[in-house]
Every structure is written in C-alpha cells, then in structure tokens.
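Trainee: fold the stuff below for me.
(one chain, ligands or ions: 1)
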Amino acid sequence: MYPPLADSIGNELRLKHGREYLIEVVLNGMAGSIEVKGTTYTGLMPEFSSLSDNEIAATLNQVLTKFNAGELPKDFTPITAAEVHTKGARGGRSCEVKRLRFIAMAVVAVTLAIPVIAHADPPGELYMLNCWGCHRPNGEGIPGTAPPLKGAVDFLLVPGGREYLISVPGVALSPLSNEQAAEVMNWILKTFSKDRLPADFKPYSADEIGRARMTHLLDIKKARAALVTEMVAAKIRESEKQ
Ligand code: HEC
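Mentor: Next up is the predicted model:
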C-alpha cells in the first residue's frame, strides 16, 4: 500500500527545491498514484497542516536519517522548524512532483503516526492519524474508496455486524492497540451516528476488539454485501446502495 521510504527520499534532497517539496507534501497532503522502482502505489494521505513546524521537521529528519542514510548528500543539514515555517510551503503552492507528494503519505504513515499514537491521544486524534485519509474528516468517506461511517451503526443491528466493523482491514490491521481501537470505534459511533445510536449501545471493550480482529473474513466485500442485504430485509436500510 505504501511506497518504500528506504533509499528513496534521500534522493529528493538532491533535486532543486527538494527540501521545500518534502515539507510541502506533508503540509498539503495528496491523492493519486505514483510509481516507485517499478511498482505502482495508489492511495491517499491526509493533509497534516495542523501539525506544528517542529513536528513536521522532526518527522522528515527521522525518515531521512533512519531510512535514507546512505543516500543523504554529504552536506545534509537537518530540516529545521524555521525552514518549515519560512519556506513559504504553508502558503500551499501547488506541487508538480507527484512522486514527492506521495512519499509524504509514507512519511506520515510509517514514522509520524507511530510516535504520536504512543502517547495515548484522544480518539479524535487517533482517527485523524489512522482513518481520515480514507474515511475523511467527518466520516463522509470517498465514493469508490471507503464507505461513509455515518451508517456504520446499522451493522450493530444485524447478527455478525458488530464483529464485522472490527474485522475490516482498516481496523483489524491498523497499528492501534486493542484499547485504542475500542476508543476510536466508540468515538466514531458516538460522533458520526449520534442521532442513530441505539439507546442500549454497549461500547466496544478492548477484549472484544482483540477477539474480533482475529476473525479473518475471507471476502470482506461479500461479507459486507450479505450484512447490507439483511439490513434491507429488516428495513434498517432502504436500499443496498446506501
Ligand atoms: C486505506 C483506506 C482505509 C483506511 C486507512 C481505513 N479504512 Fe475503514 N474502510 C475502508 C474500506 C475500503 C472499507 C469497506 C470494507 C472493505 O472493503 O475493507 C472500510 C470499512 C470500514 C468500516 C465498516 C463500515 C462499512 O460500511 O463497511 C469501519 C467501521 C471502518 N472502516 C473503520 C475504520 C477505522 C476506525 C479506521 C482507522 C483506524 C479505518 N477504517 C481506516 C478503507 C479504509
């Protein structure tokens, strides 16, 4: 899913304006596909302009020195917070180099997410770091890429649906601990489905997440379609298209 960082972005520094591009991709996010070493990667990354200049500089330096040590130019000096601030990157200049933008997705996913998550962030922040790239800031989803989360609550009303919500790859295979995944899932249901949450809703516990994320649904799309068919039969949803 994510392009390799190793032996890849160190080279970007050699390009004219490479430093600015790297900063810019983290600030502005991107969507699309790029090719790195013969493999095409498709995906999305959220924009991280909410991060401080310090956090962005630290992330880029970590990736550059950890994964790209061999490729770093001899005269490489760490990217500073002041540079992030003053390069004008925050102005949102459009970036022509798609590949560079895409690399930031990996920057964010691989390094940044991990140290931030380690500090027991509130669930909204865990959502931002792990989920909103696909499900978007208000859970509205992206047609053809990720379903809206507003309707996730409907799955609680059909047999197997509660477990299904955890067995999707976005949750089961996420870097979140069982406690964090429980927090995020409860937050999603309470935030995006506020008006539809059943009165007797029992929040997910870490134990329940641990069990459900071990369930490997062989065909997630088929499992989802079967649950939606049941929702329509039980008049929870009006059509299978929702
Ligand atoms: C790479 C894109 C992507 C990311 C990142 C992602 N998801 Fe998803 N999510 C999907 C897709 C696609 C589906 C539909 C099921 C499937 O095909 O996996 C889905 C389905 C779901 C569902 C079930 C809703 C339904 O209508 O089927 C829930 C709940 C969910 N995701 C939560 C999360 C949470 C929580 C995170 C972050 C920890 C997350 N997802 C991260 C793409 C993503």
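
Trainee: find me the pLDDT at the nearest residue to Ser177 once chain neighbours are set aside, would you?
Mentor: Residue nearest to Ser177 in three dimensions, not counting chain neighbours: Ala206, with 7.6 Å by C-beta to C-beta, 6 or more residues apart in numbering. Every residue, glycine included, has its C-beta placed from N, CA and C. What the model reports as pLDDT for Ala206 is 96.

Trainee: does Ala206 touch Asn178 like I think?
Mentor: Yes - the criterion here is C-beta atoms under 8 Å, and Ala206 meets it with Asn178 at 4.0 Å.

Trainee: which of those two has more neighbours?
Mentor: Using other C-beta atoms under 10 Å, the more surrounded residue of Ala206 and Asn178 is Asn178, with 18 against 13.

Trainee: does that one really touch Ala212, like I thought?
Mentor: No - between Asn178 and Ala212 there is no contact under C-beta under 8 Å: 9.5 Å.

Trainee: so where's the protein uncertain?
Mentor: The model of the chain has pLDDT under 70 over residues 1-18, 21, 24-51, 66-71, 86-121, 242.

Trainee: let's see it at 80
Mentor: For the chain, the stretches with pLDDT under 80 are 1-76, 83-121, 125, 129, 137, 215-218, 241-242.

Trainee: helices along that one, start to end?
Mentor: Secondary structure of the chain by DSSP state H: the helices cover 9-12, 18-28, 53-67, 81-86, 98-106, 113-117, 123-130, 132-135, 161-167, 169-172, 178-192, 206-212, 220-233.

Trainee: coming back round to it: can you pull the contacts of the residue nearest to Ser177?
Mentor: Ser177, Asn178, Glu179, Ala181, Ala182 (C-beta atoms under 8 Å, 6 or more residues apart in numbering).

Trainee: can you count the residues close to the first one?
Mentor: What that stands for is Ser177. 16.

Trainee: and if you look at the fourth one?
Mentor: A count of nearby residues for Ala181, using other C-beta under 10 Å, gives 25.

Trainee: what's it in contact with, if anything?
Mentor: Residues near Ala181 by C-beta under 8 Å, 6+ apart: Ile166, Val171, Ser174, Tyr204, Ala206, Ile209, Arg213.

Trainee: out of these, which are buried?
Mentor: The neighbour-count test (16 or more other C-beta atoms under 10 Å) marks Ile166, Val171, Ser174, Tyr204, Ile209, Arg213 as buried among the contacts of Ala181.

Trainee: wait, doesn't the fifth one sit right on Ile166?
Mentor: Yes - A contact is recorded between Ile209 and Ile166 when judged using C-beta under 8 Å, the distance being 5.7 Å.

Trainee: between the two, which contacts overlap?
Mentor: Ala181, Met185.

Trainee: show me this structure divided up by domain.
Mentor: 10-118, 120-242 (automatic domain parsing).

Trainee: in contact with Glu179: list those residues for me.
Mentor: Ala206 are the contacts of Glu179 under C-beta under 8 Å, 6+ apart.

Trainee: check contacts around Ala172.
Mentor: Contacts for Ala172 (C-beta under 8 Å, 6+ apart) come out as Ile166, Ala212, Arg213, Met214, Thr215, His216.

Trainee: how much space between it and the ligand?
Mentor: From Ala172 over to the ligand the distance is 9 Å, taken as C-beta to the nearest ligand atom, to the nearest Å.

Trainee: look up how far Lys221 lies from that residue.
Mentor: Here the criterion is C-beta to C-beta, to the nearest Å. By it, Ala172 lies 15 Å from Lys221.

Trainee: and for Ser239?
Mentor: For Ser239, the distance to Lys221 - C-beta to C-beta - is 17 Å.
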